[in-house]
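Visitor: Here's a sequence, model it:
(chains A and B)
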Amino acid sequence: MPARGFLEHLHPPRLRPERVRWRHTFCLGGVSFLLFLVLGATGAVLMFVYVPTPSGAADFFAQAGGDLPFAWFFRRLHYLAGQAMVVTLVLHLVRVLLTGAYLPPRAANWVVGVMLLLLTLAMDLSGYVLRWDEPTRAAATVVGQLAGMIPGVGGLLKRLLLGGEHLGPPSLLRFYVLHCLALPALTFVLTLYHFWRIRKDAKPRAGL
Amino acid sequence: MSQRRLFLKGLILAAWAGLVAAAGLGVGALLRLVGGGTSRAAEPPVRLGQAQDLPLGGVRVRGRVALVRDQGGLFALELVCPHLGCRPEWREGRFLCPCHGSRFARDGSLQAGPATRGLRHLRLQRAGDGTLVAYPEQPVKPGRRLAASPQG
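Guide: Below you'll find the predicted structure:
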């Protein structure tokens, strides 16, 4: 039975059954990953029609119903999945706290998980900036100024984020690259490591 | 034998050093390119229209600059919040920053935080045809005023 084999692959004998039971995990991490895949798919579709320039962004949001059939659908789906992913990740974090899964020997994976949450929030924010209207430009300005306050590397970090001393069209392009390429790639690699560590940190049971 | 081993070790070390140097150069080039280099385009002066169209106590906003007229005369404020760089809006008799709620009086002085100082005043000049021009990269002391009418 291929289906059963797949399920056994998801929950290998190495993991204790009571730790992977639905009522123990609520599959919140899995749901988050599923939402990440949805975001990747819908985001890839949106990349065909969204142009990361101020006028391109304005055009995209102005004609999302007309010249771009179903753009609203993919944008809505992308938006809702993004919001939902933050919620499920926070719930996952609460679950891990309540069940004590952050304790050694699984402490390293907790740290990886927190990094994944931060990456997700960064993707959330950079995606928000792609709307490029007054509130989102203000958000990007604040991010750039905050980065600039870091002693030592702040100036460089600010110029990397904004593409100059002030917010402008180069800033939009930078947030776009971060949102569509750099952050998702990093998140994906770290996610695979997160999954691998679950198995690695599980104690081998008798008979294995 | 040991001579040759030493030589090979040195060769490998040199190869590693070369690799690290190449990677460092590559990262440096990347930071230089994506960081926007060091060139800084000067911000163009902002034209603020004629003075006689602005009543006493009036505020005229053009982009990142506000032209204000009070008893003493005219002055220009840079609409960049000293807190985190958002653009304060002229609303109900004061400049209100939409990001974190800093408030500034008509003369740009700080009313409420989280900003820790007032708005910057910019150099304001009257062009030949009477148009007022502000210079975004030339701050001046608060308190400076330009006469509201050319002859005064």
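
Visitor: got the CA positions of the helix-or-strand element of chain A with minimal mean pLDDT in PDB?
Guide: Using mean pLDDT, DSSP states H and E, the weakest-scoring helix or strand in chain A turns out to be helix A:2-10, at a mean of 71. In PDB, the C-alpha atoms belonging to helix A:2-10 read as follows (Å, rounded to 0.1, in the frame of the first residue of the first chain):
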ATOM      1  CA  PRO A   2       1.800   3.100  -1.200                       C
ATOM      2  CA  ALA A   3      -0.300   5.500   0.900                       C
ATOM      3  CA  ARG A   4       0.500   3.700   4.100                       C
ATOM      4  CA  GLY A   5       4.200   3.600   3.200                       C
ATOM      5  CA  PHE A   6       4.100   7.400   2.800                       C
ATOM      6  CA  LEU A   7       2.500   7.900   6.200                       C
ATOM      7  CA  GLU A   8       5.100   5.600   7.700                       C
ATOM      8  CA  HIS A   9       7.700   7.700   6.100                       C
ATOM      9  CA  LEU A  10       6.300  10.800   7.600                       C
END
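
Visitor: Heading C-terminal from it, find the next helix or strand.
Guide: Per DSSP states H and E, the first helix or strand lying C-terminal to helix A:2-10 is helix A:17-20.

Visitor: any idea how far A:Arg95 is from A:Leu28?
Guide: Plainly put, A:Arg95 is 6 Å away from A:Leu28 if you go by C-beta to C-beta, to the nearest Å. C-beta coordinates here come from the backbone N, C-alpha and C atoms, glycine included.

Visitor: Nearest the geometric middle of chain A, what residue?
Guide: Taking C-alpha atoms, centre = their mean, the centroid of chain A lies closest to A:Thr120, which sits 3.2 Å from it.

Visitor: Tell me the pLDDT of residue 1.
Guide: Going with chain A. A:Met1 is assigned 54 on the pLDDT scale.

Visitor: wait, chain B
Guide: 65.

Visitor: Nearest residue to A:Arg174 in space, please, no chain neighbours.
Guide: Among residues not flanking A:Arg174 along the chain, A:Gly163 sits closest, at 5.3 Å (C-beta to C-beta, 6 or more residues apart in numbering or on different chains).

Visitor: And the one you found, its phi and psi?
Guide: phi 70, psi 30 (degrees, to the nearest 10).

Visitor: And residue 107, its phi and psi?
Guide: By default, I'm working from chain A. phi -60, psi -40.

Visitor: Hmm, no, I was thinking of chain B.
Guide: Taking degrees, to the nearest 10 as the convention, B:Asp107 sits at phi -90, psi 10.

Visitor: Could you report the neighbour count for it?
Guide: Close neighbours of B:Asp107, defined as other C-beta atoms under 10 Å in any protein chain shown, add up to 16.

Visitor: again with the one 3 residues further on
Guide: Residues contacting B:Leu110 under the criterion other C-beta under 10 Å number 15.

Visitor: Quick check: nearest residue in space to it, chain neighbours excluded?
Guide: B:Gly118 (4.5 Å).

Visitor: part of a strand, is A:Ser126?
Guide: No: using DSSP: H, G, I helix; E, B strand; the rest coil, the assignment for A:Ser126 is helix, not a strand.

Visitor: any idea how far B:Pro139 is from B:Arg94?
Guide: 21 Å.

Visitor: what's the answer for B:Gln71, then?
Guide: 22 Å.

Visitor: what helices or strands is the helix of greatest length in chain A leaning on?
Guide: Assignment by DSSP state H gives helix A:71-98 as the longest helix of chain A. With contacts taken as 3 or more C-beta pairs under 8 Å, 6 or more residues apart in numbering or on different chains; DSSP states H and E, helix A:71-98 sits against helix A:28-46, helix A:107-129.

Visitor: repeat that for 10 Å
Guide: Packing contacts for helix A:71-98, counted by 3 or more C-beta pairs under 10 Å, 6 or more residues apart in numbering or on different chains; DSSP states H and E, involve helix A:22-25, helix A:28-46, helix A:54-62, helix A:107-129.

Visitor: Could you export the ones you listed as TSV, including mean pLDDT and distance to A:Ile198?
Guide: Putting these into TSV (pLDDT from 0 to 100; distance: least, C-beta to C-beta, whole Å) gives the following:
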stretch	mean pLDDT	distance to A:Ile198
helix A:22-25	82	10
helix A:28-46	96	9
helix A:54-62	90	39
helix A:107-129	96	7
